[in-house]
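Just need the structure, nothing else, for what follows:
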Amino acid sequence: MITGASRGIGEATARLFAAQGAKVCLLARGLDQTSRIAADIGPSALALACDVGSFHAVQAAVDACQSTFGEVDILINNAGTIEPISHIATADPDTWGQTVDTNLKGVFYGMRAVLPSMRARQSGTILTISSGAAHNPIEAWSHYCAAKAGAAMMTRMVDLENRAAGIRAMGLSPGTVATQMQKEIKASGINPISQLEWSDHIPPEWPARTLEWMCSPDSDDHLGQEITLRDPDILQRVGLK
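So this is what the prediction gives:
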């Protein structure tokens with residue numbers, strides 16, 4: 001089950017996992033893009049409309065995945081948003097909170113919805129897309145930095161509480177990726193990241209391949225930790241240049 005699967009890292013991951021024989025549930029707010037992707041993948045893909053900021057919507061999506069394909073073996077918490085980019089003194093409180101709903105609460109809701117079944121089976125993998133913003137303040141990204149910091153701690157918490165029950169949990173900080181989010185960041189013109197060129201970003205297929213590797217026993221020495229694609233050793237182990 002992949003959240004935020006309508007584009008970018010989510011879409012690349014869905015396509016890669018399906019190509020490796022997995023059955024994939026693609027979650028996004030709307031169905032237009034995910035339905036197109038699922039149709040392209042074929043019968044091993046299911047598109048579901050889901051706002052991860054609502055626990056009831058996430059639970060309903062998990063139930064639908066289970067009804068169609070069986071238990072959720074892998075959850076990839078990928079859904080994220082960064083707009084509107086603004087300084088704390090002028091940020092709109094409602095939209096600031098909506099970003100936290102997606103980037104932090106959405107991670108918790110996904111974990112909460114799949115964990116009971118995973119614990120009962122003593123098996124499951126939970127991977128969460130993190131960011132360097134989880135560990136460093138970035139101008140005008142207070143909502144994103146705070147939420148990603150919380151999500152990084154959620155990875156550590158779910159590992160602490162569930163590793164003994166057979167649950168594998170890790171985070172992935174991919175760096176800057178050539179996705180729609182980077183176009184939004186570029187348009188803001190705020191902070192050094194907005195000054196990067198498109199060619200500076202890695203393709204979304206790199207995080208997708210890393211997520212696939214994180215599902216393998218070869219990554220078990222990183223359980224409970226956050227992997228970064230800025231680490232040359234990780235790039236080598238995944239097979240990326």
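
Give me the packing partners of the worst-scoring helix or strand of the chain on mean pLDDT, helices and strands only.
Within the chain, no helix or strand scores below helix 180-188, which has a mean of 88 by mean pLDDT, DSSP states H and E. Contact partners of helix 180-188 among helices and strands, from 3 or more Cβ pairs under 8 Å, 6 or more residues apart in numbering; DSSP states H and E: none. Where you see a C-beta, it was placed from the backbone N, CA and C, and this is true even at glycine.

helix or strand right after it?
helix 205-214 (DSSP states H and E).

Tell me, how many residues neighbour the residue nearest to Ile2 when sequence neighbours are not counted?
What sits nearest to Ile2 in space, not counting adjacent residues and going by Cβ to Cβ, 6 or more residues apart in numbering, is Ile76, at 4.6 Å. When counting by other Cβ atoms under 10 Å, one arrives at 29 neighbours for Ile76.

circling back: what residues sit buried inside the least confident helix or strand of the chain?
Met181, Gln182, Ile185, Ser188 (16 or more other Cβ atoms under 10 Å).

and what of stretch 115-124?
Within stretch 115-124, the residues that qualify as buried are Leu115, Met118, Arg119, Gly124, counting by 16+ other Cβ under 10 Å.

likewise stretch 141-159?
The neighbour-count check on stretch 141-159 (16+ other Cβ under 10 Å) flags 141-152, 154-155, 158-159 as buried.

swap in stretch 131-140?
For stretch 131-140, the neighbour count (16+ other Cβ under 10 Å) marks Ser131, Gly132, Ala133, Ala134, Ile138, Ala140 as buried.

Check which helices and strands the strand or helix carrying Asp94 sits against.
Using DSSP H and E, Asp94 sits within helix 93-100. Judged by 3+ Cβ pairs under 8 Å, 6+ apart, helix 93-100 is in contact with helix 142-162.

After the helix it packs on, which helix or strand is next?
Scanning forward in sequence from helix 142-162 by DSSP H and E, the next helix or strand is strand 167-173.

In the sheet, which strands lie alongside that following strand, parallel or antiparallel?
strand 124-129 (parallel), strand 226-228 (parallel) (DSSP bridges).

which outside residues touch the first one?
To tie it back to what came earlier, the one meant is strand 124-129. 9, 72-78, 80, 107, 110-111, 114-115, 117-118, 151-152, 154-155, 158, 166-172, 174, 207, 211, 214-215 (Cβ atoms under 8 Å, 6 or more residues apart in numbering).
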